[in-house]
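J.: pasting the sequence and the predicted model now:
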Amino acid sequence: MNVSTLGRRLSVLFLAGAALSGTAQAATQGNLGATSTGTVVINASVPAQVRISNLSDVNFTNANPAVDATNAQNVCVWSNNANRRYNIVASGSGASSAFTVSSGTLVPIPYSVAWKDTAAATTGTALVKSAALGSQTSVATKSNCSDQTGSASATLFVQIASADLQDMQATAAYTGTLTLTVAPE
């Protein structure tokens with residue numbers, strides 16, 4: 001066995017021993033010779049991250065005031081935590097972050113928001129403005145949920161109750177913005 005082969009074997013053993021011991025090792029420098037081998041240790045990590053996507057605007061156009069207007073949409077939430085956990089906070093564009101739609105000087109109309117951490121759900125947990133709903137878990141392993149059927153991992157529900165629809169003025173355009181913020185847990 002020549003010196004070069006012995007040096008490579010020792011380098012491999014050295015790196016394997018370092019990996020097993022859990023301690024980081026510094027780079028090694030090669031020796032002068034016909035060949036020279038050096039090593040570098042590569043360390044990598046990422047911070048906890050989340051992403052919400054696949055959201056669609058909600059349009060209750062010509063809603064029948066005799067029944068609740070409901071929109072359920074499948075959305076994507078991804079978390080890179082080992083447990084895939086996240087929390088979600090919803091806030092509206094109404095006074096004090098209220099969930100309301102408005103039209104000029106007309107009385108604002110409330111809506112409700114609910115959330116479920118699975119796609120294609122039929123019911124969810126009511127969200128309270130500006131309060132975190134914690135202990136949500138994503139099944140997505142890709143940040144755009146491309147690994148999930150329908151690219152979704154959660155369900156968002158928005159509803160205007162029939163009684164509130166009846167308080168709306170005909171042909172007036174009511175608008176509002178719902179902001180959803182997710183954070184890793």
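T.: Now that the structure is in, tell me what you want to look at.
J.: surely Ala114 is in a helix?
T.: No. Assigned with DSSP: H, G, I helix; E, B strand; the rest coil, Ala114 falls outside any helix and is strand.
J.: all strands of the protein, in order?
T.: 50-53, 69-79, 85-92, 100-101, 109-110, 112-116, 125-126, 132-137, 154-160, 178-184 (DSSP state E).
J.: what's the most buried one of these?
T.: strand 154-160 (a mean of 23; mean count of other Cβ atoms under 10 Å). C-beta: built from backbone N, CA, C; applies to glycine.
J.: what does that one rub up against?
T.: The contact list for strand 154-160 (Cβ atoms under 8 Å, 6 or more residues apart in numbering) reads 55, 58, 60, 63, 68-77, 101, 109-121, 123-124, 136, 138, 178, 180.
J.: that older thread, and of the strands of the chain, who's closest to Gln25?
T.: Nearest to Gln25 among these is strand 178-184 (30.7 Å), distances taken as Cβ to Cβ.
J.: nearest spatial neighbour of Asn80, skipping sequence neighbours?
T.: Leaving aside its chain neighbours, Asn80 sits nearest to Gln49 (5.0 Å; criterion: Cβ to Cβ, 6 or more residues apart in numbering).
J.: again with Ser102
T.: Using Cβ to Cβ, 6+ apart, the nearest residue to Ser102 is Pro108, at 4.3 Å.
J.: how is the chain divided into domains?
T.: With domains defined by automatic domain parsing, the chain comprises 1-44, 50-184.
J.: show me where this protein has helices.
T.: 3-21, 162-165 (DSSP state H).
J.: go through those and find the least confident stretch.
T.: Looking at the helices of the chain, the lowest mean pLDDT belongs to helix 3-21 (a mean of 44).
J.: ok so, going back, for the domains of the chain, which has the smallest mean pLDDT value?
T.: domain 1-44 (a mean of 68).
J.: ok, Gly150 - contacts?
T.: The contact partners of Gly150, by Cβ under 8 Å, 6+ apart, come to Asn74, Ala119, Ala120.
J.: considering those, which is situated nearest to Thr171?
T.: Among these, and counting by Cβ to Cβ, the member closest to Thr171 is Asn74, at 31.5 Å.
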